[in-house]
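Engineer: the sequence and its predicted three-dimensional model are supplied below.
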Amino acid sequence: MNYKCPKCLNASCEIDRMQATGGLFSKLFNIQNKSFTSVTCKKCTYTEFFKTKTSRISNIFDFFTN
């Protein structure tokens, strides 16, 4: 991966995924229908989030497994 931190110019990073709720219905039923990929600099811990798409089936599965 070709990464360079915009704050400290370090070239090493950690990539992770995060899910969150969005909207009244999803908050009431704790449905995590928003998905993000985070990129964190290993040196200064500067983090950027990028929105990713979630599938309808994963939202349905999340509803029944909460």
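Structural biologist: Right, received. Where do you want to start?
Engineer: so in this structure, where's the weakest helix or strand by average pLDDT?
Structural biologist: helix 56-65 (a mean of 49; mean pLDDT, DSSP states H and E).
Engineer: gap between Cys41 and Gln19?
Structural biologist: Here Cys41 is placed at a distance of 22 Å from Gln19 (CB to CB, to the nearest Å). All C-beta spots, glycine's among them, are computed from the backbone N, C-alpha and C.
Engineer: those two: who's more crowded?
Structural biologist: More crowded of Cys41 and Gln19, by other CB atoms under 10 Å: Cys41, with 21 against 14.
Engineer: am I right that the more buried one is in contact with Cys13?
Structural biologist: Yes - here Cys41 reaches Cys13: they are 5.6 Å apart, a contact under CB atoms under 8 Å.
Engineer: anything in contact with each of the two?
Structural biologist: Between them, Cys41 and Cys13 share these contacting residues under CB atoms under 8 Å, 6 or more residues apart in numbering: Cys5.
Engineer: what number of residues lie near the residue nearest to Lys42 when sequence neighbours are not counted?
Structural biologist: Of all residues not flanking Lys42 in the chain, Ser12 sits nearest, at 4.4 Å (CB to CB, 6 or more residues apart in numbering). By other CB under 10 Å, the residues close to Ser12 number 11.
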